[in-house]
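**Student:** Model the structure of this input:
(chains A, B, C and D)
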There are 4 protein chains.
Amino acid sequence: MQESPLNFGIDCLGECNIISPVRGGRFIGTGDRLLYDSDLKTIEGQLDAGLVPPTLEKAGPRDKIYFDPVNLRCGIVTCGGLCPGLNDVIRAIVLSLYHHYGVRVVMGFPFGFEGLTKEHGHTPRELTPEVVRDIHETGGTILGTSRGNQDVCEMVDTLERMNIGILFTIGGDGALHGAQAITEEIRKRGRKIAVIGIPKTIDNDISYVQKAFGFETAVSVAKTIICSAHTEATGARNGIGLVKLMGRESGFIAAYAVLADSNANFCLIPEVPFSLDTVLSLIKERLKKRGHAVIVVAEGVGQDLIRQTGERDASGNVRLGDIGLLLREKIHAYLSECRVEANIRYFDPSYTIRSVPTNAHDSAFCLLLGHCAVHAGMAGRTNMVVSSWRNEFVHIPIPLAVSKRQKIDPDGSLWSSVLAATGQPRDLLSQPLA
Amino acid sequence: MQESPLNFGIDCLGECNIISPVRGGRFIGTGDRLLYDSDLKTIEGQLDAGLVPPTLEKAGPRDKIYFDPVNLRCGIVTCGGLCPGLNDVIRAIVLSLYHHYGVRVVMGFPFGFEGLTKEHGHTPRELTPEVVRDIHETGGTILGTSRGNQDVCEMVDTLERMNIGILFTIGGDGALHGAQAITEEIRKRGRKIAVIGIPKTIDNDISYVQKAFGFETAVSVAKTIICSAHTEATGARNGIGLVKLMGRESGFIAAYAVLADSNANFCLIPEVPFSLDTVLSLIKERLKKRGHAVIVVAEGVGQDLIRQTGERDASGNVRLGDIGLLLREKIHAYLSECRVEANIRYFDPSYTIRSVPTNAHDSAFCLLLGHCAVHAGMAGRTNMVVSSWRNEFVHIPIPLAVSKRQKIDPDGSLWSSVLAATGQPRDLLSQPLA
Amino acid sequence: MQESPLNFGIDCLGECNIISPVRGGRFIGTGDRLLYDSDLKTIEGQLDAGLVPPTLEKAGPRDKIYFDPVNLRCGIVTCGGLCPGLNDVIRAIVLSLYHHYGVRVVMGFPFGFEGLTKEHGHTPRELTPEVVRDIHETGGTILGTSRGNQDVCEMVDTLERMNIGILFTIGGDGALHGAQAITEEIRKRGRKIAVIGIPKTIDNDISYVQKAFGFETAVSVAKTIICSAHTEATGARNGIGLVKLMGRESGFIAAYAVLADSNANFCLIPEVPFSLDTVLSLIKERLKKRGHAVIVVAEGVGQDLIRQTGERDASGNVRLGDIGLLLREKIHAYLSECRVEANIRYFDPSYTIRSVPTNAHDSAFCLLLGHCAVHAGMAGRTNMVVSSWRNEFVHIPIPLAVSKRQKIDPDGSLWSSVLAATGQPRDLLSQPLA
Amino acid sequence: MQESPLNFGIDCLGECNIISPVRGGRFIGTGDRLLYDSDLKTIEGQLDAGLVPPTLEKAGPRDKIYFDPVNLRCGIVTCGGLCPGLNDVIRAIVLSLYHHYGVRVVMGFPFGFEGLTKEHGHTPRELTPEVVRDIHETGGTILGTSRGNQDVCEMVDTLERMNIGILFTIGGDGALHGAQAITEEIRKRGRKIAVIGIPKTIDNDISYVQKAFGFETAVSVAKTIICSAHTEATGARNGIGLVKLMGRESGFIAAYAVLADSNANFCLIPEVPFSLDTVLSLIKERLKKRGHAVIVVAEGVGQDLIRQTGERDASGNVRLGDIGLLLREKIHAYLSECRVEANIRYFDPSYTIRSVPTNAHDSAFCLLLGHCAVHAGMAGRTNMVVSSWRNEFVHIPIPLAVSKRQKIDPDGSLWSSVLAATGQPRDLLSQPLA
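**Tutor:** Below is the predicted model:
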C-alpha cells in the first residue's frame, strides 16, 4: 500500500539554524500537520489499513529560519490574467518581509516571467513599504503581468545575478509549472534559492487549494451582472439574459454567483454535462410559463459543441471557443424555429470581474496568505504553494497543486443547492417530457 | 421676424375650473415662464429687435386643474431600451396622483406600446402606492418595455375603452413621436385625453432637456468600466483598454465618464470628427511613451468607417455598425504592421449600464420630475414633455423636443475640459508630425 | 477518561421512516461525522489514550426523514439585535421547505419570542416563496425582532395550538437559551416538535461556530468606517480617529476590519488586556512621530475602567459601559495634560453595521446554511444549531453552543497578523520606555 | 433706485495683456454675463423700472490673461471641516495650472490657514501632476485642514515671501471671510496677488452658489443612513429610527436625502419651525397606525429648545446644542408617559458623510469647477468665488457670497415634494386634532 504523496513533505533548502526575529506568539513546530481528510470514517479506514493518514504541513512562523534577513534579497513576480487581490498579496509579502523579518531589499519583476529575462529589458522595481502602502485599494497588479513561460536558464541567471534568495511567484497553473521548472534548474545548479508560489485562480480550480484569493470578490461582481441580466430579462417580453462567467474547467464562480443572486434559472458548468436540445427546450418551457429566463454559463462548458481549433494561448491553456456567443445563436435559432419571439441580451463581463479591487474579507484573507508565504520562504521551504485548507493555512508541493483540477462535485450539497436555487432539473441530458 | 416656436405654448385640453386639492405651497401662475436663454447679450439683442424672448412654461402645481380627480383614471407606459430611473418615475407618478390629488385608478400598460394594443394581449396592471413602494430600489421597469410603435387607432381605442384621462409616456425619441401621433388621433376624435411625456434618454440627447433622468447614474457605472479598462491596460505590456459607451449622436456619457474617471487618454464622440489614421498613430505614440492607453468611444462615432446596411431597429433608429469591434480590429492590424506587440482588452458594458438602479441624487431627481409630470397632466396639458432646464422644471411641446438632438459643443468648455483630462489634441483630423 | 460531549450526539424526535422527497445527489449517512480537531498530533494523542476523537454530525439531506411534509407546519422566529443575513436565512428556510420537501405551511412569528405569546397579540404571518422572493436584498428581518425571553409554557402552547412541527429559531446566545428551554418543555409534554437554531452572532463568538452568517458583511462595513476615521485623522493636525466596533467578549470584527483596511494603528479587543496608561502614552508617541492615529476598539474592552452598574439588557447581556466615550475623554484629558493639541473624531457605527444587506458571498453562505437547517429539522433533529466548521456544515447541540465563547487566541496567527498590520506592541500592559 | 450689487462686478488686479496659452475652443468675452434671474416677469419688471437686470460674470478661459504663467507661483489651501471633493478640486487646480497654462510651481499650504503662518511651522508641499494624479479617489484633503482664521498680516507676509501670485482658498463661510481679509491686506500693501475662493459647503447654504461640490455625494451617503434607520425601525416593535444630518441653517441634505430614500416619515429642517409637542404627538400617532417611524433632523433645528451656551467653534460658528440627543430624550420621555413602549435607534453619521470620496458626477463637477477657478485667477480676478448658477459656472464677489445663507423655500416645490414623500403635515406648529 502506498503512502500519500502529501506526506512526502515540502522541499527544503537546508536546516534552519537562525533564530527568527519574529517576536511573541506561537511558532509552528515540525510535527504541526493538518489532516487532509476530516471525515471520521476515512481516517479510521486509513488507520485500520495501517496507513498514515495524509496530512499537510501547517503554515506560519517558525522559531528557527533558514535565511539571514540582513543579507536576504527577495523577488516578486505576478503572472497570467488579472485577478482581484494581486496587489494585496504583493503588499502583504513586502510588509511581512520588512516588519516581521527586517528584510530590506524586495524587487518586483515587471510583466510576469518576462521581467526575469534579459530579452524583454524590463527594469525591476524596488518595493518598499511606502511604495505598497495603498496599492491594495486598486485592482490589477502594480508589477504588470504577462502570459506564458520564458527560458528557464535565463530566468535563473537573473535570480543569481541579482542575488535573489526567495522568489515569490503569484500565478496560476501555468505560472506554477514555470515555478517548478525554475526550482529544478536552481537545484541542478546547486543554488540556495527558494521559490514560493501563491496560487492565483479566479476559477478556484487549483487542487489542494480550497479557497483562492480573489474568488469571493469575483463572485460579488458576477452577482451584479446576473442581477443586470435579470433586470433586462424581466424588462422585455420573453426576455432572456445570458451571462457568460469565468470557469474553464470548474464552475465555482457560476455556482456561487447563482446562489448569491438567486435570479438565475439555468446554470451550466463544466462538471455537469448537458444536451443542448434539452436545455433549449427547457428555456422555451420557462418562457412559456414565466415570460423570461436568466441563464448563467461557465466559459468552459459545451466545448464539444464548438469546432475546436486546437489553439493554445500564451499560458498554454487551450483556447476555448466562445460558448456564450454560440448559445446566443442556438437559442435564437431554436426559438425562431418555434416561432417564439424572444429578446436575448448577452453579458460577457470577463475583464470587468478580473480588474476590481478586493472586497473587505478577501483583502484580509490576502494579507494573511501573504504573511504565510513569507514565513514559508524564510524557513527555507521551496517548490511549494501556500494554501487555505479547511480554514487553516498550509503548504502544498507545487507538483501536487498542478496535478489535477479542483471541481464541483455534481452529487454534493453545493450543486444540490444550486439546483434548488435555479429550479433546473438535475438531469440535463434526457429530453424533458413534452 | 419670427416669434420663437417655444412661445406658441403648450397644448391644453381646455379651461382649468376645478380647485386643486393640493394644499399649501406656492402655485404656478399663468405667466410663470422661464427664459430659454440666460445670457444678457442674447436677451438684449432680442428685445432690441422687438422680439419677445423665447420662454418656457414652468412646471408645478396650478391652483385650478382640468381633471376631476374623483373620476380620473390614468395610464402609464414605458417604452424603448432600459434606462436607470424608469421605476423611480413610475413610482413618483403613482404616488403624486394618489397623495397630491386623490386619484384612485392608475393602470400600467405592459411592454411599451404593445400594452395599448389588443393584438399582444397584455393585461394592464393596477398600480397602487403599495405596489410601487420599493420599486425604485431595482433597475429596469416593472411594466416591461418594447421598442417600436403600434397602430395608433388601436392604441387610442384602448385609452377610450379603459376611460383613461391622462397617459404618461416614459420613453425616448421614438416613443415621443408615438405619443405625438396618439395626441393627434385623440384630437381628431375630439376626446379629452392628455398625453404627457417623460423624456428618457440615457444619451442625454433630447433637445430642450438639459438633464435627463438616469444620466448621472449611467455616468457613474461608465466610470467604473473605464477604471477596469485602465487597470487592464496598465497590467499588461502595451496594454490597451478600449471601452465602447452609449452615445448614438451625442457623446455626453463618454465625456462625463472621462471627466469622472480621468484615466482615459482618448475620447471619441459623434460631435467631433476624427481621422482613423490620426487616432491610430496617436495610440502608437502613446504606447511608445507610456506603455499603455485607455480609449473611450461613443457607439455612434465613425459610422463612415462601417459599411452601412441601412437597417433600422424596431424603434426606427438606424442600426449602427459596431465601431468598438471595428476599432479593436483596426488598432490590432495597425500595431501588428508597426510591429508593436499590444494587449487589447475590449469592454462593451451596454446593458450593464442600462439596468442598474438610480443613485441617490438621480432618484431624488426622478421623484421631482414625476411630480411635475402629474401636475402638468392634472392641469390639462397635453402633447408635451416635462424637462429640467437650468435647474428648473418646465414644459416643452413634444414637436420641439423631437425636432433635433442636443449635442456637445466642440468649442465649449465641457469639451475643452475633456481634452484637458485626456491630453488628446483638439484636432483629430490632421496627421500628427512624425 | 471522559468521552467528549460532542460525541453524545444530537437529540432526535424519533426514527426516520419516511422516504425523503429530495431527489438525486448524495445523502448524508448515519456515520458521516466530521473530526472536531484536524491536527494530526491531537488525533494521535486521543487514539493513543484510547479515546474516540470528538466528532460532529454532518449536516445535509438524509434519505429517510422524520416528518411527513404533506402535513407539516413550520414556524420561524428571529430574535435579538439585527445582523446582516436574517432575511437571507428566512428565505432559504422557506424555499427549501417548499422546493426540497413540498411543505406548504410556514409561519413567521413577529418580533422574536413575543410572537409566540398571547400577551403581545402579534399575528403570525404566512411565508410563501412569493413573500420571501426578494427579501434578501434588504437588511434587517421582515419578521421583526425583540430582545429577551418570554414565558416558555405560553410559547409551547402556541406551537401546539398552531400545530407547528419544526420551529426555526434564528438568534444569538440568549435566543438559543430560550430555544433550549422550549425544547425541554416540549419534551416534558411528550410532544414531537423539533427546535432548530440558526446561530446569529455578529461578534462571531458562539462556540463551535467557526463562521457566523453576516460576519463578513459586518467586517466590510466596519472597514469603510475605519477608512473614514483615517481620512479624518490625516485631515487634521494631530488627528485621532477613534472607532468603536461591536465585540462584547470577542474581537473578531475589530481584528478582521483592521486587517482589511490596514489604516488602524491600534486595535483593542477583549481577549488582550491593556493598561490605559500604556495605550495613552503610545498614542502620544504615535502623534509625535506621524501626526495622526487611528484607534479601533471593540465595545467589550476595558470594562474594569468603567463603573459597573450591573444592569442587564432584555436579552440578559450585561449592559456595557461605553468604552468609546470613555476613551475619547481619557485621550483628550491625557493629551491636554501633555499640552498636545489633538483633534479627536469619534465613530460609533453600531446600527449602521447591523442593518445592511449581506454581500454576495455572505448571501450564498446564508442560503446554504438555511438549507442545512431545513434538512436537520426534516430529519427530526432538535435542540441543535447548524454551524460551519472547517468549511463544512455540521450539527451542534445547543447546550454546547452556549457553553462558552469563541475567542481570538492572542498567541495565534490571526492576532500576530493584526499586530503586524497595526504596528502596535504585543504587550500593552508594561509601560513603554520613555 | 439701486443698481444690483451683482452688477458692480468682480475685482481685478489689472488689465489682461498676455495672450492666453489655452488653445482652441471659445473664449469668454467681457460682456458674457448670465442673468441672475431667469423668470420672464422678473426681468420685464426690472426693465420696466429702468433697471439693469442683475447679472453674473461668466466663468471660463479668457483670450488675454493677467499673469505670465512662466513666472507665476500659485498656492492652495483647504479650510474647515472635511467635505467630499476637496482632493478633486485640489487636483483640478493643479492639472489646469500645469496643462492649460504651463504654470510650474504650485504649493499646497498644510492644515488650512495655519499653513500660511510662521507660528505653526508647517512646511508647504509642492503639488505636481504626479502628486495629485490619484488623490481624487480618496476622501478628505491631502493638505489637511484646520478651523479658524490666523493673523492676516502674517498670512500675507507668507504669500509675499513665497512670491505667490494666486492663492486658491477652498473653504466655507469662515474661510471666505478670511480670504476677503487677506485680499484687503494685499490691496492695502498694493500687491498683485489674486485670491480665488472655491466655496465648500456640505450644507449647500452659501448664497449665490446653487450647487456646491460634494453635496450630491453627501446626499448619497445620507440616504444609506436613512435606509439603515428604516431597517432598524421596522425590525422592532414601535421602532423609531432617528437620524441627525448636517444642516446648520439650511436643510438641503436632509431634504434631498429624504427624497432619495423615501422611507422617512418626518423631516425637520431649520427653515421650517415646529412645535415639539406637535411633532411628539404626530410620532405617537404614526406608531399607533404603522408600528414604526423614521425621523430625519437637520442639526440646526430647534435651537430654541436647547440651553444656549453662546460658545463658538474655531471657525466662528455658534456651537449648536445636540438636537438629536435632545429629541431622543424627549421622544423617549413623551412615549413613556403615554405608556407606549418604543425602541429608539439614534444615528449620527456626521464624519462618515464628510470623509467619503466623491461619486462620479460630483467628481466631474469638481474638475470643471477647479478649471474655472484657474481661468479666473489667471485672468487677474480676485476676492471672488467660482459658483454654479443655473448649470453654468460664474464668478461671485466674496462679500456677496458670505452676505446671507441660501435656504430652502418652505413654499416652494422642493419642500412640497418632501412633504409628499414623508406624508408629514405642512404645519408643524398647530396641535393636531386628537
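**Student:** which stretches of the stretch 251-400 of chain A form helices?
**Tutor:** Under the criterion DSSP state H, counting those that start in this stretch, the stretch 251-400 of chain A contains helices at A:252-261, A:276-290, A:323-337, A:350-354, A:360-378, A:398-401.
**Student:** Arrange the ones you listed in CSV, one row each, with distance to D:R33, mean pLDDT and mean neighbour count as further columns.
**Tutor:** In this view, the C-beta of every residue, glycine as well, is placed from N, C-alpha and C. What follows is those, written out as CSV (distance: least, C-beta to C-beta, whole Å; pLDDT from 0 to 100; neighbours: other C-beta atoms under 10 Å in any protein chain shown):
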stretch, distance to D:R33, mean pLDDT, mean neighbour count
helix A:252-261, 54, 96, 29
helix A:276-290, 60, 97, 17
helix A:323-337, 56, 95, 17
helix A:350-354, 46, 93, 23
helix A:360-378, 51, 97, 28
helix A:398-401, 71, 96, 21
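**Student:** name the helices or strands packed onto the top helix by length along chain A?
**Tutor:** Secondary structure of chain A read by DSSP state H shows that its longest helix is helix A:215-235. With contacts taken as 3 or more C-beta pairs under 8 Å, 6 or more residues apart in numbering or on different chains; DSSP states H and E, helix A:215-235 sits against strand A:239-245, helix A:252-261, strand A:292-298, strand A:343-347, helix A:350-354, helix A:360-378, helix B:350-354, helix C:360-378.
**Student:** still on that earlier bit, adding distance to C:L6, write the helices of the stretch 251-400 of chain A out as JSON lines.
**Tutor:** Formatted as JSON lines, those follow (distance: least, C-beta to C-beta, whole Å):
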{"stretch": "helix A:252-261", "distance to C:L6": "29"}
{"stretch": "helix A:276-290", "distance to C:L6": "44"}
{"stretch": "helix A:323-337", "distance to C:L6": "46"}
{"stretch": "helix A:350-354", "distance to C:L6": "41"}
{"stretch": "helix A:360-378", "distance to C:L6": "28"}
{"stretch": "helix A:398-401", "distance to C:L6": "32"}
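**Student:** Ok, which of those helices comes nearest B:V356?
**Tutor:** Across those, B:V356 has its closest neighbour in helix A:350-354 (13.2 Å, C-beta to C-beta).
**Student:** That closest one close to chain D?
**Tutor:** No. Using C-beta under 8 Å from any C-beta of the partner chain, helix A:350-354 never reaches chain D; the gap is at least 15.9 Å.
**Student:** Can you name the residues of the stretch 51-200 of chain A sitting close to chain D?
**Tutor:** Counting by C-beta under 8 Å from any C-beta, the residues of the stretch 51-200 of chain A close to chain D are A:E137.
**Student:** Tell me where the stretch 51-200 of chain A has helices.
**Tutor:** Remark: helices assigned in the stretch 51-200 of chain A by DSSP H, counting those that start in this stretch are A:86-99, A:129-132, A:152-161, A:173-189.
**Student:** Mind listing what's buried along the second one?
**Tutor:** Right, helix A:129-132. A:V131, A:V132 (16 or more other C-beta atoms under 10 Å in any protein chain shown).
**Student:** Would you mind writing the CA trace of it as CSV?
**Tutor:** C-alpha atoms of helix A:129-132 as CSV (Å, rounded to 0.1, in the frame of the first residue of the first chain):
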residue,chain,number,x,y,z
PRO,A,129,6.5,49.7,2.5
GLU,A,130,6.0,53.2,1.2
VAL,A,131,5.5,52.0,-2.4
VAL,A,132,3.0,49.3,-1.5
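**Student:** ok, residues contacting it?
**Tutor:** A:N87, A:I90, A:R91, A:V94, A:L95, A:Y98, A:H99, A:R125, A:I142 (C-beta atoms under 8 Å, 6 or more residues apart in numbering or on different chains).
**Student:** before we move on, back to that, now the longest helix of chain A: average pLDDT?
**Tutor:** Here helix A:215-235 scores 97 as its mean pLDDT.
**Student:** Send over that helix as CSV, restricted to the C-alpha atoms.
**Tutor:** Presented in CSV, the C-alpha positions along helix A:215-235 are these (Å, rounded to 0.1, in the frame of the first residue of the first chain):
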residue,chain,number,x,y,z
PHE,A,215,-12.6,34.4,-5.5
GLU,A,216,-15.1,36.0,-3.2
THR,A,217,-14.7,39.3,-4.8
ALA,A,218,-15.2,37.7,-8.3
VAL,A,219,-18.4,36.2,-7.1
SER,A,220,-19.6,39.6,-5.8
VAL,A,221,-19.1,41.2,-9.2
ALA,A,222,-20.6,38.2,-11.0
LYS,A,223,-23.7,38.6,-8.9
THR,A,224,-24.3,42.2,-10.0
ILE,A,225,-24.0,41.1,-13.6
ILE,A,226,-26.6,38.3,-13.1
CYS,A,227,-28.8,41.0,-11.4
SER,A,228,-28.5,43.2,-14.5
ALA,A,229,-29.3,40.2,-16.7
HIS,A,230,-32.4,39.6,-14.7
THR,A,231,-33.5,43.2,-14.9
GLU,A,232,-33.1,43.1,-18.7
ALA,A,233,-34.9,39.8,-19.0
THR,A,234,-37.9,40.9,-17.0
GLY,A,235,-38.0,44.2,-18.8
